[in-house]
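> Give me a 3D structure for the following:
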Amino acid sequence: MIYSRQLNYLDLIIKNGKMPHAFLFYGRDAEYKSNLAKSCVFRLNSPGSKWEDFLPSNTLAQKIIKESHPDLFIVRRQEDKKEIAISQIRALKDFVSKTPIDLKLKSAIIEDAEFLNEESWNALLKTLEEPSGNTVIFILSSGISAIPKTAISRTVSVPFFNADNSKRRHGAKNDIILRKLEGARKTAIFEKFDLAEKIASSGDPIEILDEWLLDLRTDILENPSRDLSKTIEKIIYTKNVLASTNANQKLVLENLLLQIE
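Prediction:
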């Protein structure tokens, strides 16, 4: 199945009713990410529904697909503009402040978030810092490097790269790293140092950490008795350090892995 890991994770969140107030979907396939965000909006307001139920033949789905539902707000860069205007984010903030007209949960989808300028990001961050209990925001971007660390820390990141889940974006090498991370608790110290070096030299350590977080969060939803909260907190902290400082990546990752016991 295309992006089966991501779909499984989102499916578990919806079924468990533990929807975060904001997601960051990043990677290729802009159209897929947009359609998936809309499908999430549909499923959040259609108890017992499945991904395959999101069809134009369904009245609610049709309104969401056509972007005509009053409880759905879309932000995208206008064709004649280089950036997403601050006025668009202010309109989004106004939308978030209101109660839903028809749905239990209303949603906002921000496409091409890499085109938000500094002023627009600052306005959006205020909304992310004070989330509304009846709104879920989906931020869509081609990559994570253009997203401010403050926004990253206030959203749940879901990476989307190679649609063939038998191979991730960087191929078998990253699969091996992620398999080793799954057993990080039992890994010898010298192996942790080696693993930290491999992650640091992978080309995108933040993406690998997000892949790891995706697996851990899925594990928690599938096995509620497992306590992985401290591990997740440490990974998120490390990800934020890597995103916001020029610290030696290998040393930062070594520190993380040494704390995983």
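
> Can I get stretch 238-250 in PDB? Just the C-alpha atoms.
Extracted C-alpha coordinates of stretch 238-250, given in PDB (Å, rounded to 0.1, in the frame of the first residue of the first chain):
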ATOM      1  CA  THR A 238      17.400  16.100  19.900                       C
ATOM      2  CA  LYS A 239      15.600  16.900  16.700                       C
ATOM      3  CA  ASN A 240      15.000  20.500  17.800                       C
ATOM      4  CA  VAL A 241      18.600  20.900  18.700                       C
ATOM      5  CA  LEU A 242      19.700  19.700  15.200                       C
ATOM      6  CA  ALA A 243      17.100  21.900  13.600                       C
ATOM      7  CA  SER A 244      18.000  25.100  15.500                       C
ATOM      8  CA  THR A 245      21.700  25.000  16.200                       C
ATOM      9  CA  ASN A 246      25.100  24.400  14.500                       C
ATOM     10  CA  ALA A 247      26.000  21.800  17.200                       C
ATOM     11  CA  ASN A 248      28.100  18.800  16.100                       C
ATOM     12  CA  GLN A 249      25.500  16.400  14.800                       C
ATOM     13  CA  LYS A 250      27.400  13.300  15.700                       C
END
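
> Can you tell me the SS state at the residue in the chain sticking out farthest from the centre?
The centre of the chain is farthest from one residue, F190, which by CA atoms, centre = their mean lies 32.0 Å away. Secondary structure for F190, judged by DSSP: H, G, I helix; E, B strand; the rest coil, is helix.

> list the contacts for it?
Contacts of F190 were listed using CB atoms under 8 Å, 6 or more residues apart in numbering, and none were found. The C-beta positions use only the backbone N, C-alpha and C, and glycine is treated the same way.

> Please report phi then psi for the closest residue to F160 other than its chain neighbours.
Excluding the flanking residues, the one nearest F160 by CB to CB, 6 or more residues apart in numbering is G27, at 3.4 Å. G27 adopts backbone torsions of phi 140, psi -170, taken as degrees, to the nearest 10.

> Can you tell me the element the residue nearest to the spatial centre of the chain falls in?
The centroid of the chain falls nearest to S157 when counting by CA atoms, centre = their mean (2.4 Å). Here S157 sits within strand 156-160, counting by DSSP states H and E.

> didn't the residue nearest to F160 look like it was pressed against K33?
Yes - using CB atoms under 8 Å, G27 is in contact with K33, at 7.3 Å.

> Need the residues touching each of these two.
In contact with both G27 and K33: F160, using CB under 8 Å, 6+ apart.

> what about the host helix or strand of N35, average pLDDT?
Assigned by DSSP H and E, N35 belongs to helix 30-44. When pLDDT is averaged over helix 30-44, the result is 96.

> any idea of the mean pLDDT in the longest helix along the chain?
In the chain, with assignment by DSSP state H, the single longest helix is helix 205-222. Mean pLDDT, computed over helix 205-222, is 92.

> now it against strand 156-160, angle please.
110 degrees (axes from the mean of the first three to the mean of the last three CA atoms, to 10 degrees).
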